[in-house]
Every structure is written in C-alpha cells, then in structure tokens.
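A.B. asks: 3D, please:
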Amino acid sequence: MDLHPQGIIKNDMVWLKGGPAYPERELGPVFADDASPFSRYEARFEIATNKVKALAEAIDGSDNKASYLMKLIHLREYLQRVDALGDYAPLFALLDSYEEELSTLISQNRAKNREIKLALLEEARAIEEEEDWKVAFEKLQEIQLKWLKTGSVEKAHIGQIEGDFAQLRSSFYERRNAFFESRKALMKDTISQYEALIKKMEELAASDLKRAVRPAKVLQQEWKALPDLPRKIRIELTGRWREQTSKIFGRDKPATKIEAGDSKGLEENLAERRQLLESLQNMDENLNENSLDDLVALKHKWQALPKINYKLYQELFDNFFMLNDLIREKVFLQKLADKKHRNFQQKSLSEQIKIKKELLKRLQLRDEQELDIFRENASRFVTTQNTVHDIMDKRLEAQQRKIEVKKQLMGQLQEMASHK
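C.D. replies: Numbering: from 1, shown residues only. Reported below is the predicted structural model:
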C-alpha cells in the first residue's frame, strides 16, 4: 500500500484522508502510466490552491470586498468535491477567515443601509406637508431613486422598512390621484359657470342692445370674478365671450372678409399670403437670433389680412402654419442644445446633429406620453357640453401637431446626417 501525508490507496483507488473540515472521500483510480499514483491528483490540488490565492488577492485589492462573499462560498463548495490531493486545512482556514471578515462588513453595510433608508422614510413622510404636487412628486421620485441605489438591510428589518416605504408611496399616489380627480371636477364646474355667463350674454346680444348695456356690465363683473382656467381653455371661452360683448359694446370688431365676387381682392390676398409663405421659407434657410421675433411679425401680418375661405385654400394655410411651427421648434431645439452642452457651437456638424437628434427624441417621447395621458383622461371625461368637446378636440389636434412637427424635424436632421 503506497502512503501519502493526505492520501491512501485502497483497492487501486486513490482516497483523500479525512480532516476536521472535510470527510474522507474517494478521488479516483490509480493510473499505471503516472510516475506516482498521487501525482495527477496533486497537480489538481495545485490548481485548487491557486484559485484560493487568486480570490484572496482579489478581495484584498477590492473596495467592495463584500461583493465576493458568494464567490467564496462557491469556492469552498468546489474544494469539498474536487478530485485533488493535498492539505486542505490551510485553504479552508483561509476561506473561513475571509468569510468572517466579509460577513462582518456585510453586517456593517446593512446596518448603514438601514440608517439611510430610515432617513429616506422620514423625507418621504415630510412630503405629506408639501402643497405643490409637482414639487412633491419630484421629491418622491428622487427618494425612490436613492432607495433603489441603497443596498439591503438586515433580514430582521427588511419586512418593516420595505413595508413602510411601500405604504408611504401608495398613500402618496392615492392622495395625488384624489387631488387631480377633485381638480378635474372643479374645472368641469368652472367651465359650466363660464358657459352659463356666455349663454346669458348671447341672450342679451340678441335683445334690445340699448337696454342690454347695463345688465351686460353686471355680467362682465361676474365674469371677472370667475375662477381661473388653464390658458388654452380660457382663451377659447374668452373668444366666445368677446364675440358677444362686442355686439353690445361695439368693440373688437371682427376682421374684414373678402366679399363674394371680389376676384381682384381675392387674388391680391392670395398673393400677399404666398409672399409671406415665401418669406417664411427664406427664414427657415437662414435662421438667426432674431428669427423668433421675425416669425411673430410674419404671423401677425398673415392674421391681419382679410379673411378668406380656409377650406378652399387649405394647403396654403397648412403650409404656412406647419412651417411656422417647424421654425419655432428649430429655434427651441437650438437653444436647448446650447444650454445642455457647453461649447456646442464649437463641435463638429456631425456631433451637433447627433446631439440634436437625441434631444429631439426625448422631446417627442414626452409629447407622445402626454398625448396618451390626454387621450386616457378624455375617454373618462363625460359631458354633454359641445363646447367642452370642441376644446378637448382642439387640444388633441394641437398635441398631435406638435408630434408631427418633431417628426418632420427629425427627418430633416437624419437627411443632414446622411449627406454630411
């Protein structure tokens, strides 16, 4: 029988002698062509020893030592089953010492994480006092991000801490949803008040105008006392209101129109509009810091022209206003790029195009998300008032138009990128 400090041969099989940290086990057969019956298994032990040394060096050189605990556990399991012959006691002892060190570090980290999360819970509770829901939402988003970046706490505290945070988040969103539902109902009621006054003013405008002046002034005071509304809705209602008050007080006369049969006036009108569109096209090719002011001036000139039938010249109108929106979007995108990226003007054209495409992609995604939210809210907004439906339809068209403008601009940027 051949002898080895850690092994023995029984029935032509190599066995590892048992020790305090591991039992005796069979390693494999004796190979007749080996110089020694143990050499093959000793070579394997050398490989195993090098694995342990490599792990120890990695742990010693790491700033995040705790992350190696699972690797250590897997290496110990490997040593307990590998067909290798040698003195395992020092290897297991070394792994035990590192496991103790890592376990201590993990315990300290989890205790630290618990303190961090308890502080975040207090921040989350303080949000309940915030009256501005937009600010409160942003604060909670920031806390959630910090929470996710913070590691686990001790097992004994996980359920309580995670449960408290989940409850705070749930409570916040319930209160937030209730607030916006209440605001939606309030806005619906406010729109009804505006509608009621407009209807009363319509009735006065259709009556004896001389006798209508005094009661109309009373209605004007009631109008001024109404709660405010979102800008787009307020503008729509105010336009209808002024249309009626102008009939009574003689102000805000409607824009002149081209009379039927006035072919000369129509041709002159169309010629001016085409000239304005051409000016807009020239501006699009030569944008500068004054473009936005020039854009507003051109739009005012367009709107000051006597009205013509939009349906008959829809393409002309659509081209003008689409290009108007496109130029406005270009100016905004340029300012955003300058703001977000230092030395933007010094970058190469390809880099500028790449930056603008990324910014535009985010802006379009935001508009598309807002469109989805608007559609979802509109589907739940039940009313029999045609005015409200008209307002919402116009808002929907406006949002769709914003997306279409960004798609056109993206196409132009992609074309520029392909020809640079």
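
A.B. asks: so where's the stretch 301-420 of the chain uncertain?
C.D. replies: 378-391, 420 (pLDDT under 70).

A.B. asks: let's see that with 80 instead.
C.D. replies: 304, 310-311, 342, 373-395, 418-420 (pLDDT under 80).

A.B. asks: swap in the stretch 51-200 of the chain?
C.D. replies: Ranges of the stretch 51-200 of the chain meeting pLDDT under 80: 131.

A.B. asks: which parts of it are helices?
C.D. replies: 69-79, 89-126, 133-149, 155-205 (DSSP state H, counting those that start in this stretch).

A.B. asks: tilt between the third one and helix 89-126?
C.D. replies: Right, the one you point to is helix 133-149. Interaxial angle, helix 133-149 versus helix 89-126 (axes from the mean of the first three to the mean of the last three Cα atoms, to 10 degrees): 170 degrees.

A.B. asks: which positions in helix 133-149 come out as buried?
C.D. replies: By neighbour count on 16 or more other Cβ atoms under 10 Å, the buried set for helix 133-149 is Ala136, Lys139, Leu140, Ile143, Trp147. Every residue, glycine included, has its C-beta placed from N, CA and C.

A.B. asks: in TSV: those residues, plus distance to Ser36.
C.D. replies: What follows is the buried residues of helix 133-149, written out as TSV (distance: Cβ to Cβ, whole Å):
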residue	distance to Ser36
Ala136	75
Lys139	71
Leu140	69
Ile143	65
Trp147	60
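
A.B. asks: okay, now the domains of the protein?
C.D. replies: 1-153, 176-254 (automatic domain parsing).

A.B. asks: can I get those in JSON lines with distance to Leu270?
C.D. replies: Shown next, in JSON lines, are these (distance: least, Cβ to Cβ, whole Å):
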{"stretch": "domain 1-153", "distance to Leu270": "46"}
{"stretch": "domain 176-254", "distance to Leu270": "21"}
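
A.B. asks: distance check, the residue most central in space within the chain against Leu359.
C.D. replies: The centroid of the chain falls nearest to Arg366 when counting by Cα atoms, centre = their mean (7.2 Å). Between Arg366 and Leu359 the computed distance is 11 Å (Cβ to Cβ, to the nearest Å).

A.B. asks: the stretch 301-420 of the chain: strands as residue ranges?
C.D. replies: Counting by DSSP state E, counting those that start in this stretch, the stretch 301-420 of the chain has no strands to list.

A.B. asks: how about the helices of it, start to end?
C.D. replies: Counting by DSSP H, counting those that start in this stretch, the helices of the stretch 301-420 of the chain are 314-340, 349-380, 386-418.

A.B. asks: what's the closest of those helices to Ile235?
C.D. replies: Nearest to Ile235 among those is helix 386-418; the distance by Cβ to Cβ comes to 9.6 Å.

A.B. asks: residues touching Arg401, list them.
C.D. replies: The contact partners of Arg401, by Cβ atoms under 8 Å, 6 or more residues apart in numbering, come to Met322, Asp325.

A.B. asks: go on, Ala58?
C.D. replies: Tyr68.

A.B. asks: how near is it to Ala66?
C.D. replies: For Ala58, the distance to Ala66 - Cβ to Cβ - is 13 Å.

A.B. asks: cool, Glu203 as well?
C.D. replies: Glu203 is 78 Å from Ala66, by Cβ to Cβ.

A.B. asks: more neighbours: which of those two?
C.D. replies: Each of Glu203 and Ala66 has its neighbours counted (other Cβ atoms under 10 Å); Ala66 has more, 18 against 12.

A.B. asks: hang on, isn't that one packed against Lys112?
C.D. replies: No. Assessed by Cβ atoms under 8 Å, Ala66 is found out of contact with Lys112, at 11.3 Å.

A.B. asks: hmm, back to that, out of the buried residues of helix 133-149, the closest to Lys51 would be?
C.D. replies: Trp147 (37.0 Å).
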